[in-house]
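Peer 1: One predicted model, sequence on top.
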Amino acid sequence: MEASCPRSRKRKLGVKEAAAAAEKPSPKSAVEDQDPPLAGADGGANDRISQLPDGVLGDVISLLPTKDGARTQILASRWRHLWRSAPLNLDHHQLCRDSKDLDAVVSRILSAHPGPGRRFCAPVYHLFGDRAETSDAWLRSPALDNLYELELCSFDYRFGLPSPSEPQPMPAVAFRFSETLRVAIIGRCHLPDSTAQGLYFPKLKKLGLEGVSISESSLHSMMAGCPALECLLIQHSFGFRCIRINSISLTSIGVKALRPHNGHLFVELIIENAPCLERFLQLSSNRGPRVISSVRSSGSLHVSIISAPKLNTLGCLFSGGCSATLTFDLTVIKGLCVDSLKTAVCTVKILAVDMCALSLDAVIDMMMCFPCLEKLYIESMGPGKTNFWRRKHRDLIRSFDIRLKKIVWRYYRGIKSHVAFATFFVLNARVLELMTFQVHSKDYNEEFFTQQRKMLQLDSMASRGAQLHFTPDASHRCARDFCVHDLDLADPFERKESYEFHALS
């Protein structure tokens, strides 16, 4: 069937063919080769999308993945010209698996598209060495004029190309878009003082620096040159020891400090004045609850939050020797241990913690420090403490108002210490609405559910309307997976995709 359907073959064209099709055909060939229209595709009563103005359809096309955007040209004559007039979205991740083919495809797309550009994402190794001339031509292409998003940070290991031993300077032509950029993600490069201190991004809202070498003075100068900046992500970057935040526009900050480089280690973050800051995220460095030993030996980050009156999301706080120290006025939290509780932080409502050993005492300390907490995300694989609480915390139960509405727990195993931890909230959290536990696939069965219902004493829940969900899927998003685009989510830890679960109530 497929071999006899020319329309099916055309829908499966790759980017090479789509880019070639974008080259302006002669009037004769345009008539002869015109695609048979889809049902309603030329504005019929059954196709309201095609009746939308060109500008609206162009915006839709520019939000599609690169291949899909190019393929809209073959839908019908109504759509043929739209890809070339829509702002270009060019992302190398969606193209070839061979570096030489990628060079040719990107060049063809840029030559076929007249511009303007919306997004350009290319692997960073194209900026240096024998590919520098090609990348220079890309960045100068009119197809990228008035660019909104620039991503030059990924190193695509599928191509098997060696990365430079030392970060190379970012080519100056990459900054020709500074007047129009809304998003800039830069990585695996060096930003010398002569370049960084002269940068000004009047419209930039999201900035990501990943594996960037930059001096402390240049980093502060670069941030000062972004007056509209809302989201800042700094991970694996070096050349500075301390970052000071003074911004009336920043709403989200994400940091990941890794190993020292040439004696320069990012060890201190001071948020002096951030009146709009809502989210502070410390990104984890590995898969699993324990941070790698190279981080542990290199020291930990000290974060001082002096003024952030709207801060409502915090995470991920880690236990163990590599944990960051967090200071709110006179309140000091090291990892998940409250060293000094002088002033409660009542603005924080969302908290994510990662515990090597599951500890109810540590979570209770967090609730005392953040008494208005409504969402708690937990990741813990180990059995942890015994977590007995009935005698130890009976005075707390009588006097403390637990305001948690949602608890999400990754790696629940149903063992005694886990059950004891969970029953504290089952029996005492009066406004609880949902508890979601990720379990091992071997435990996702009716026998386990029936056993846990009894052990967790669900018939005695303090909140009668609460539900308990067991799921074999990832229960929430881990901080290690975040990118700069995740920082402006109201709840960056919440899983957005639907997932399989079994409900108990």
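Peer 2: That came in fine, so what should we check first?
Peer 1: those strands in the stretch 401-505 of the chain, which residues are they?
Peer 2: 406-410, 434-438, 467-471, 502-504 (DSSP state E, counting those that start in this stretch).
Peer 1: what would those look like in CSV with distance to residue 80, mean neighbour count and mean pLDDT?
Peer 2: Using the backbone N, CA and C atoms, a C-beta is placed for each residue, glycine as well. Shown next, in CSV, are the strands of the stretch 401-505 of the chain (distance: least, C-beta to C-beta, whole Å; neighbours: other C-beta atoms under 10 Å; pLDDT from 0 to 100):
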stretch, distance to residue 80, mean neighbour count, mean pLDDT
strand 406-410, 47, 21, 95
strand 434-438, 47, 23, 95
strand 467-471, 45, 20, 95
strand 502-504, 49, 15, 90
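Peer 1: would you list the ones you listed in TSV and tack on distance to residue 376?
Peer 2: Shown next, in TSV, are these (distance: least, C-beta to C-beta, whole Å):
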stretch	distance to residue 376
strand 406-410	5
strand 434-438	10
strand 467-471	15
strand 502-504	19
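Peer 1: Ok, which of those strands comes nearest residue 327?
Peer 2: strand 406-410 (26.6 Å; C-beta to C-beta).
Peer 1: For the closest one, which outside residues touch it?
Peer 2: Strand 406-410 is contacted from outside by 374-380, 422, 425, 429, 432-438, 474-476, 478, 493, using C-beta atoms under 8 Å, 6 or more residues apart in numbering.
Peer 1: And the strands in the stretch 201-350 of the chain?
Peer 2: So, for the stretch 201-350 of the chain - with DSSP E, counting those that start in this stretch - the strands run 206-210, 231-235, 242-246, 252-256, 268-273, 279-282, 302-305, 313-318, 325-328, 331-334, 337-340, 350-354.
Peer 1: Could you tell me the least trusted of those strands?
Peer 2: Ranked by mean pLDDT, the strands of the stretch 201-350 of the chain end with strand 337-340 in last place, scoring a mean of 86.
Peer 1: In a helix, residue 69, correct?
Peer 2: Yes: under DSSP: H, G, I helix; E, B strand; the rest coil, residue 69 falls within a helix.
Peer 1: Just the helices from the stretch 101-250 of the chain, written as ranges.
Peer 2: For the stretch 101-250 of the chain, applying DSSP state H, counting those that start in this stretch gives helices covering 132-140, 193-196, 216-224.
Peer 1: Can you spell out which helices and strands pack onto the first one?
Peer 2: It stands for helix 132-140. Under the contact criterion of 3 or more C-beta pairs under 8 Å, 6 or more residues apart in numbering; DSSP states H and E, helix 132-140 touches helix 99-112.
Peer 1: Pull out the buried positions in the helix it packs on.
Peer 2: Neighbour counts over helix 99-112 (16 or more other C-beta atoms under 10 Å) mark 99, 102-103, 105-106, 108-110, 112 as buried.
Peer 1: what's the closest of the helices of the stretch 101-250 of the chain to residue 355?
Peer 2: helix 216-224 (32.2 Å).
Peer 1: Residue ranges in the stretch 351-500 of the chain under the pLDDT threshold?
Peer 2: Counting by pLDDT under 70, the low-confidence segments of the stretch 351-500 of the chain come to 479-481.
Peer 1: ok, residue 473 to residue 115 distance?
Peer 2: 42 Å (C-beta to C-beta, to the nearest Å).
Peer 1: Oh, that last question was meant for residue 225, not what I typed.
Peer 2: Distance from residue 225 to residue 115, by C-beta to C-beta: 25 Å.
Peer 1: Ok, which of the helices of the stretch 101-250 of the chain comes nearest residue 447?
Peer 2: The nearest among the helices of the stretch 101-250 of the chain, by C-beta to C-beta, is helix 216-224 at 55.4 Å.
Peer 1: what's the closest one packed up against?
Peer 2: helix 193-196, strand 206-210, strand 242-246.
Peer 1: repeat that with 10 Å
Peer 2: Helices and strands touching helix 216-224, as assessed by 3 or more C-beta pairs under 10 Å, 6 or more residues apart in numbering; DSSP states H and E, comprise helix 193-196, strand 206-210, strand 231-235, strand 242-246.
Peer 1: Among the buried residues of helix 99-112, name the least confidently predicted one.
Peer 2: When the buried residues of helix 99-112 are sorted by pLDDT, the bottom entry is residue 99 at 66.
Peer 1: Could you verify my assumption that residue 95 touches residue 109?
Peer 2: Yes: when contacts are counted by C-beta atoms under 10 Å, residue 95 is listed as touching residue 109 (8.6 Å).
Peer 1: so where's the stretch 51-200 of the chain uncertain?
Peer 2: For the stretch 51-200 of the chain (pLDDT under 70), the answer is 96-99, 124-129, 154-165.
Peer 1: sorry, back to before: quick one: closest of the helices of the stretch 101-250 of the chain to residue 454.
Peer 2: Minimum separation from residue 454 across those (C-beta to C-beta) falls at helix 216-224, 55.0 Å.
Peer 1: which residues touch the closest one?
Peer 2: 186, 191-201, 204, 207, 209, 212, 214-215, 229, 232, 234, 237, 239-247, 250, 264, 266 (C-beta atoms under 10 Å, 6 or more residues apart in numbering).
Peer 1: In it, which residues are buried?
Peer 2: Quick answer for helix 216-224 (16+ other C-beta under 10 Å): 218-223.
Peer 1: Redo those residues as JSON lines? Include distance to residue 343 and pLDDT.
Peer 2: Formatted as JSON lines, the buried residues of helix 216-224 follow (distance: C-beta to C-beta, whole Å; pLDDT from 0 to 100):
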{"residue": "218", "distance to residue 343": "35", "pLDDT": "95"}
{"residue": "219", "distance to residue 343": "30", "pLDDT": "96"}
{"residue": "220", "distance to residue 343": "29", "pLDDT": "97"}
{"residue": "221", "distance to residue 343": "34", "pLDDT": "96"}
{"residue": "222", "distance to residue 343": "33", "pLDDT": "96"}
{"residue": "223", "distance to residue 343": "28", "pLDDT": "96"}
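Peer 1: State the pair within the residues you listed that is farthest apart.
Peer 2: Top of the distance list for the buried residues of helix 216-224 (C-beta to C-beta): 218 and 223, 9.8 Å.
Peer 1: from what I can see residue 330 touches residue 345, true?
Peer 2: No: with contact defined as C-beta under 10 Å, residue 330 does not count as touching residue 345 (11.3 Å).
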